[in-house]
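[1] whatever this is, show me its structure:
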Amino acid sequence: MTGTRIASWDQLLALPVRGESFLLRRSHYAVLVDGGWKKDKVRSVLATHFPAIGKLDIVVCTHGDGDHAGGLPDLLKNWPGQIGQVWLPGRWADVVPDLMKDPKGFVKRLLRELDGIIGANKPDPVVSSPFDRFVGADDQTAAETFRTDEDLSIRRDGDDEAPFREEEDRYGAEIDLGATEPIDEPTWFDELRKAVNLPGDEVASRAFESARSSIKYRERKLRLSAGAATGWLGVIDTVEAIRGIANAAIARKLRVRWFDYRAFETTRRPSGGVPGFLEPINAREQAPAPLYANLLLRLTEINRHSLVFFAPPTITRLGVLLCGDSPLGDGSKFATSFLSSTARPRYPIVSTAPHHGAETNSAAYQHMRGWADIIVLVRAGGSSSQPGQTFKSLKWPLKVCATCPATRRAAHIAGVASAGPDWWYPLVIVGKPCACA
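    The predicted structure is shown next:
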């Protein structure tokens with residue numbers, strides 16, 4: 001994959017890491033979506049397999065889980081080449097100022113919230129419910145309450161009157177990644193860029209390690225279940241990743257763009273990104289309104305709020321759906337598709353497997369089937385319980401996996417690469433097809 005012969009072709013490649021990280025290449029632009037676990041050292045993986053990449057035009061973090069966000073602070077801080085933009089979840093925005101200015105005080109407030117939850121649950125020491133990754137999944141969402149047909153100025157399946165996307169993106173053409181300039185960065189972010197004497201990495205690291213020790217102490221004293229302790233430790237990992245990403249963005253003067261899931265949830269109108277190149281499916285690009293809630297709510301990045309992005313296909317461009325950990329829907333059993341808020345692709349596309357192919361995201365495949373002709377499904381990372389039975393039993397796309405817990409074969413680069421200006425012929429399969437079907 002490092003040869004020059006296919007370097008200019010469109011590619012979607014799952015990187016060989018334990019967590020999840022994808023490299024999307026469209027023409028000569030490179031987009032990294034998520035950075036795997038901290039220990040995955042995605043920067044070294046890219047340097048080993050793609051030494052010719054001198055610039056990452058866009059780095060995306062879909063949500064705060066450690067297997068997606070953990071590796072991004074090191075990448076953003078130490079990547080030897082250029083980085084163009086960083087796209088982040090909007091719900092992080094209102095925790096960054098306090099976290100940057102006073103990390104020690106921030107984690108103390110977080111631990112006070114933990115003790116409050118423990119106290120409210122006495123005498124039951126098991127405090128695990130805040131970490132149900134699909135908490136509230138069976139409830140009616142705000143989106144269902146506020147949405148009306150008049151709100152949806154989109155093309156639905158079977159709506160033949162809606163126009164197809166113009167195909168101005170010819171093979172090799174320049175794309176203006178800043179063509180849709182979003183509203184200005186939040187004032188506080190500009191203030192952080194200009195601030196002096198912010199606490200350094202050592203101060204922050206000591207605060208995070210102290211918080212981890214405090215959580216483990218509460219577990220040993222039977223004030224927390226093992227599952228709850230794991231959840232809280234995950235929150236500290238998220239806090240550390242958010243600070244590391246923000247710190248690197250400030251130090252390198254990177255352009256940061258915020259994508260707010262909640263704004264989409266109430267309007268069902270995605271917006272922003274770079275039209276025709278990389279667009280949000282379930283978010284609106286904007287500085288989000290402050291979320292007046294406790295720190296836990298703001299930091300617990302549940303998978304159903306994972307950002308989803310779409311690289312639309314044209315006659316010359318590979319179309320890609322980047323699912324993160326999203327079930328691609330909301331409402332009861334995630335039955336209301338996010339995808340119906342975006343025009344149906346005119347050409348076949350490839351997609352990443354939601355949440356490593358986990359069974360909890362099984363609803364996503366029906367949403368995919370009803371929205372697009374997906375010809376290849378690319379899976380990355382995951383635990384020994386992934387992929388789930390639904391993923392294994394799928395017959396309709398070719399499945400290509402970078403890791404395979406069932407066979408324990410070595411992780412490898414896996415995905416697809418187009419092979420010329422008419423991308424669909426031939427479509428080169430990189431790596432090995434799924435072995436656990």
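[2] count of neighbours near the residue lying closest to Arg193 once chain neighbours are set aside?
    The shortest distance from Arg193 to any residue other than its chain neighbours is 5.3 Å, reached at Ile250 (Cβ to Cβ, 6 or more residues apart in numbering). From N, CA and C alone the C-beta is placed, and that goes for glycine too. Counted with other Cβ atoms under 10 Å, the neighbours of Ile250 add up to 19.
[3] contacts only, for Ile250.
    Ile250 makes contacts with Met100, Leu192, Arg193, as judged by Cβ atoms under 8 Å, 6 or more residues apart in numbering.
[4] average pLDDT across whichever strand or helix holds it?
    For Ile250, the enclosing helix or strand under DSSP states H and E is helix 226-251. For helix 226-251, the mean pLDDT works out to 90.
[5] centre of the chain to it, how far?
    For helix 226-251, the gap between its own C-alpha mean and the chain's C-alpha mean amounts to 15 Å (Cα atoms, centre = their mean, to the nearest Å).
[6] for it, which positions count as buried?
    Buried residues in helix 226-251, counting neighbours by 16 or more other Cβ atoms under 10 Å, are found at 228-229, 231-250.
[7] following the chain onward from it, which element is next?
    Using DSSP H and E, the helix or strand that directly follows helix 226-251 along the chain is strand 255-260.
[8] ok, that following strand: who's next to it in the sheet?
    Next to strand 255-260 in the sheet, as set by DSSP bridges, lie strand 82-89 (parallel), strand 284-285 (antiparallel).
[9] quick check: mean pLDDT across that strand?
    When pLDDT is averaged over strand 255-260, the result is 91.
[10] pull out the buried positions in it.
    Taking 16+ other Cβ under 10 Å as the neighbour-count basis, strand 255-260 is seen to contain the buried residues Val256, Arg257, Trp258, Phe259, Asp260.
[11] that strand to helix 226-251, inter-axis angle?
    Counting by axes from the mean of the first three to the mean of the last three Cα atoms, to 10 degrees, strand 255-260 points 140 degrees away from the direction of helix 226-251.
[12] now do the host helix or strand of Val31: which elements does it pack against?
    Secondary structure assignment for Val31, by DSSP H and E: strand 29-33. For strand 29-33, the elements it packs on are strand 22-26, strand 55-60, judged by 3 or more Cβ pairs under 8 Å, 6 or more residues apart in numbering; DSSP states H and E.
[13] same thing but at 10 Å, please
    If contacts are counted by 3 or more Cβ pairs under 10 Å, 6 or more residues apart in numbering; DSSP states H and E, strand 29-33 sits against strand 11-14, strand 22-26, helix 42-49, strand 55-60, helix 72-78, strand 82-89, strand 309-311, strand 320-322.
[14] filter the contacts of Ile250 down to the buried ones, ChimeraX style.
    With 16+ other Cβ under 10 Å as the burial test, the buried ones among the contacts of Ile250 are selected in ChimeraX as follows:
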select :100,192
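[15] take the contacts of Ile250 and keep only those in helices.
    Secondary-structure check on those using DSSP state H: residues within helices are Met100, Leu192, Arg193.
[16] ranges for the helices of the stretch 251-400 of the chain?
    261-267, 295-299, 363-371, 389-393 (DSSP state H, counting those that start in this stretch).
[17] with mean neighbour count as added columns, please give those in JSON lines.
    As requested, the helices of the stretch 251-400 of the chain are arranged in JSON lines below (neighbours: other Cβ atoms under 10 Å):
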{"stretch": "helix 261-267", "mean neighbour count": "20"}
{"stretch": "helix 295-299", "mean neighbour count": "17"}
{"stretch": "helix 363-371", "mean neighbour count": "20"}
{"stretch": "helix 389-393", "mean neighbour count": "16"}
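[18] looking at those helices, which is nearest to Ser418?
    Nearest to Ser418 among the helices of the stretch 251-400 of the chain is helix 363-371; the distance by Cβ to Cβ comes to 20.2 Å.
[19] off-centre distance for that closest one?
    Per Cα atoms, centre = their mean, the centroid offset for helix 363-371 relative to its chain is 19 Å.
[20] then stretch 189-199?
    Going by Cα atoms, centre = their mean, the spacing between the C-alpha centre of stretch 189-199 and its chain's C-alpha centre is 26 Å.
[21] also stretch 85-95?
    Averaging C-alpha positions (Cα atoms, centre = their mean) puts stretch 85-95 11 Å from its chain's average.
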